[in-house]
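> Here's a sequence, model it:
(one chain, ligands or ions: 2)
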Amino acid sequence: MYVAEGIRKRFGGVVALDGARLDLRPGSVHALLGENGAGKSTLVEILAGALPPDEGELRLRGRPVRFATTREAVRQGVAVVSQEPGLFPDLDVLANLYPACELRRAGLFLDRPAMARKAAPVLAELEFTRPPTTRVGELSLAERQLVAIARALLEDPAVLILDEPTSALQADAAARLLRILAALRTRQVAVVYVSHVLEEVLQLCDEVTVLRDGRNVLTGTPMAELTLEKIVHAMVGSRPSAPAAPPRGTAGGPVLRLAGVSVPGRLDQVDLSAAAGEIVGLAGIAGAGQNAVLEVVCGLAAPSAGVLTYPGGRPRPRDLRQAVKAGVAVVPSDRRRLGLMLDRPLWENIAQVNTVALGRTGWWVRARDLREQASAAARRLRIGAGDPERRAGQLSGGNQQKVVFAKWLAAAPGLVLLDDPTRGVDVGAKAEMHAIVRELAAEGRIVLLTSTDPAELAGLCDRVLVFRRGRVAAELSGDRLSESAILHTSHGADHDAD
Ligand SMILES: Nc1ncnc2c1ncn2[C@@H]1O[C@H](COP(=O)(O)OP(=O)(O)OP(=O)(O)O)[C@@H](O)[C@H]1O
Ligand SMILES: [Mg+2]
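Numbering: from 1, shown residues only. Ligands and ions are numbered 1, 2, ... in the order given. Below is the predicted model of the structure:
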């Protein structure tokens, strides 16, 4: 009922889509897959009227359409949740749920009570608990993602397109969304689902389209004919897989230690230690304390009680700049907020921590070295076709996340804080990032990692501390460390005294 055919789109010299096709049917959840940079978001923007195609045709219910704006698309029943949802940070949740142009047309006197009444069941279904009067700028990334999803659901669309909607969501919130999408299927909505979480895709989707370099590898293949292996193969082709992990370093040497550390409302007398060579995972439902630990360690949050001891007896950094100088690297999950110089080439972004924050100056002399280093990182993580001159802002979402990762690690830190570092990154690059994290540990760095993906924590970490209400509720390692144990203890199903 909504078909895109022969879609071509280029950005300057980059061909994003090269004759792509997508065929949507009512009552079917259609997975749109491909590696970072394959062209998924570009196709989504074209379907949603946010971007005009250079060539090709869109047909909705049999009729050719050409939307000049996303509002026009919405009016014809096509709603989208973008990969980087454009919300208004200064407006509250309720205002964000109703598109700007409607608001303006309605004038100053909006029927906010009516808006709230209409939104309430949708927000409740998503278990969005903040009051609708909360400013969007105060919300976490996951909460903003839920607002964008609620906004699209409120349009009551015939075609709903979601571009990586669960990338910042915790497992339980993601599961709720999947249930909502399954319900939409029975209401005959055509759903497009873009995700790098292939387990989700296998569980939810009816058909699969895979793009590689802007061309179709699979086009609406029924899920019944596919397996995880077949999908991965379609995405990456016959590229060699990630290298085997290096031997583990033996723990010993420098240690990071937290003793009785509290942050009002967030951490309650937390004890924790991590030694050189260790990868320590921090798990928990959203806001349970795992992020507060990273923030207090890197100087973004101040402890109200307790003692922090850093490797080499260094003092506690008071801000991010001091942290970087003290050899602490912070890879944030929210690449837009703590991020990139979008109009600068990716080699400058990767070199930035070294040159600017660490003052390892003379970059004009060594620019060639820096470029060379950056291209090595770009090749290894397959960022922007390995071209260090590409502007960061022109990279796909997942590739931007890889740049954030590469730039912090270029500084060779002793203590590495990773906050959901593989959010939105494709399977191949995810394996490569995991290999890099293992290398860092093997070289004797201390690694602290949070993740919204319990499988990642179970697979990568030596130990996982599970947080509940600001406290360490359990420590899992060895045989007790598994994805399901993390999920269970996060939700309070254990026998620990509380
Ligand atoms: N505004 C832009 N300017 C220049 N190049 C762009 C722009 N938007 C996208 N591209 C390029 O088009 C290609 C496809 O990008 P797209 O965002 O569609 O990928 P994607 O499949 O969504 O990847 P991801 O999984 O990382 O989100 C990439 O090479 C990207 O760098
Ligand atoms: Mg994308």
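> What residues does the stretch 301-450 of the chain have near ligand 1?
Residues of the stretch 301-450 of the chain lying near ligand 1 by CB under 6 Å from any ligand atom: Gln394, Leu395, Ser396, Gly397, Gly398, Asn399, Asp426. In short, each C-beta sits where N, CA and C put it, glycine included.
> Specify which member of these is nearest to Glu138.
Comparing those against Glu138 with CB to CB picks out Gly397 as the nearest, at 23.1 Å.
> So for that closest one, what pLDDT did the model give?
Confidence at Gly397, expressed as pLDDT, is 82.
> Any idea how many residues pack against it?
Neighbouring residues of Gly397 were enumerated by other CB atoms under 10 Å; the total is 23.
> how about it, phi and psi?
Comment: the main-chain dihedrals of Gly397 come out as phi -50, psi -50, following degrees, to the nearest 10.
> Name the helix or strand for Gln401, please.
helix 397-409 (DSSP states H and E).
> what's in contact with the next helix or strand after that helix?
Reading on from helix 397-409 to the C-terminus, the next helix or strand found by DSSP H and E is strand 415-419. Taking contacts as CB atoms under 8 Å, 6 or more residues apart in numbering, the residues outside strand 415-419 that touch it are 256, 291, 294, 297-298, 310-311, 327-333, 408-409, 437, 440, 445-450.
> do the same with stretch 152-159
Outside stretch 152-159, the residues that reach it (CB under 8 Å, 6+ apart) are 1-2, 24, 26, 47, 60, 74, 77-81, 97-98, 118-119, 122, 160, 162, 180, 189-192.
> ok so Ala224 is a strand residue?
No: Ala224: not assigned to a strand; according to DSSP: H, G, I helix; E, B strand; the rest coil it is helix.
> OK, contacts around the residue in the stretch 51-200 of the chain that ligand 1 sits nearest to?
Using CB to the nearest ligand atom, the closest approach of the stretch 51-200 of the chain to ligand 1 is made by Gln83 at 5.6 Å. With contacts defined as CB under 8 Å, 6+ apart, the neighbours of Gln83 are Ser41, Val44, Asp163, Glu164, Ser167, Val194, Gly397, Gly424.
> Could you list the contact residues of the protein toward ligand 2?
Residues of the chain lying near ligand 2 by CB under 5 Å from the ion: Lys40, Ser41, Gln83, Ser396, Gly397.
> switch to 8 Å and redo it
Applying CB under 8 Å from the ion, one finds that the chain approaches ligand 2 through 36, 40-42, 44, 83, 163-164, 194, 396-398, 424.
> Which of these sits closest to Arg379?
Asn36 (14.1 Å).
> Does that closest one touch Ser396 like I think?
Yes: with contact defined as CB atoms under 8 Å, Asn36 counts as touching Ser396 (5.2 Å).
> element containing Leu449, please.
strand 446-450.
> Past that strand, which element shows up next along the chain?
Scanning the chain past strand 446-450 towards its C-terminal end, the next helix or strand to appear is helix 454-460 (assignment: DSSP H and E).
> got the buried residues for that next one?
Neighbour counts over helix 454-460 (16 or more other CB atoms under 10 Å) mark Pro454, Ala455, Glu456, Leu457, Ala458, Leu460 as buried.
> Same question for the nearest residue to Ala4 once chain neighbours are set aside, what's its three-state structure.
On the basis of CB to CB, 6 or more residues apart in numbering, the spatially nearest residue to Ala4 that is not a chain neighbour turns out to be Leu22, at 4.6 Å. Assigned state for Leu22: strand (three-state reduction, three-state DSSP).
> doesn't Gly6 make contact with Leu22?
No: distance between Leu22 and Gly6: 11.1 Å, which falls outside the contact criterion (CB under 8 Å).
> more neighbours, those two?
Set Leu22 next to Gly6 and count neighbours by other CB under 10 Å: Leu22 wins out with 24 against 13.
> show me what contacts the residue in the stretch 301-450 of the chain that ligand 2 sits nearest to?
The stretch 301-450 of the chain approaches ligand 2 most closely through Gly397 (4.4 Å), counting by CB to the ion. Taking CB under 8 Å, 6+ apart as the criterion, Gly397 is in contact with Asn36, Ser41, Gln83, Glu84, Glu164, Arg335, Gly424.
> likewise Ser396?
Contacts were defined as CB under 8 Å, 6+ apart; by that measure Ser396 touches Asn36, Gly37, Ala38, Lys40, Ser41.
> can I assume the fourth one is in contact with Gly34?
Yes: the pair Lys40 and Gly34 qualifies as a contact (CB under 8 Å) at a distance of 5.4 Å.
> Could you pull out the residues contacting both of the two?
In contact with both Lys40 and Gly34: Leu211, using CB under 8 Å, 6+ apart.
> more crowded one of these two?
Lys40 (30 against 27).
> which residues touch the more buried one?
By CB under 8 Å, 6+ apart, Lys40 lies in contact with Leu32, Leu33, Gly34, Asp163, Val194, Leu211, Ser396.
> Which member of these is positioned nearest Glu229?
Taking CB to CB as the measure, Glu229 lies nearest Leu33 of the contacts of Lys40, at 13.6 Å.
> which non-adjacent residue is nearest that closest one?
The shortest distance from Leu33 to any residue that is not its chain neighbour, by CB to CB, 6+ apart, is 4.8 Å, and that residue is Val210.
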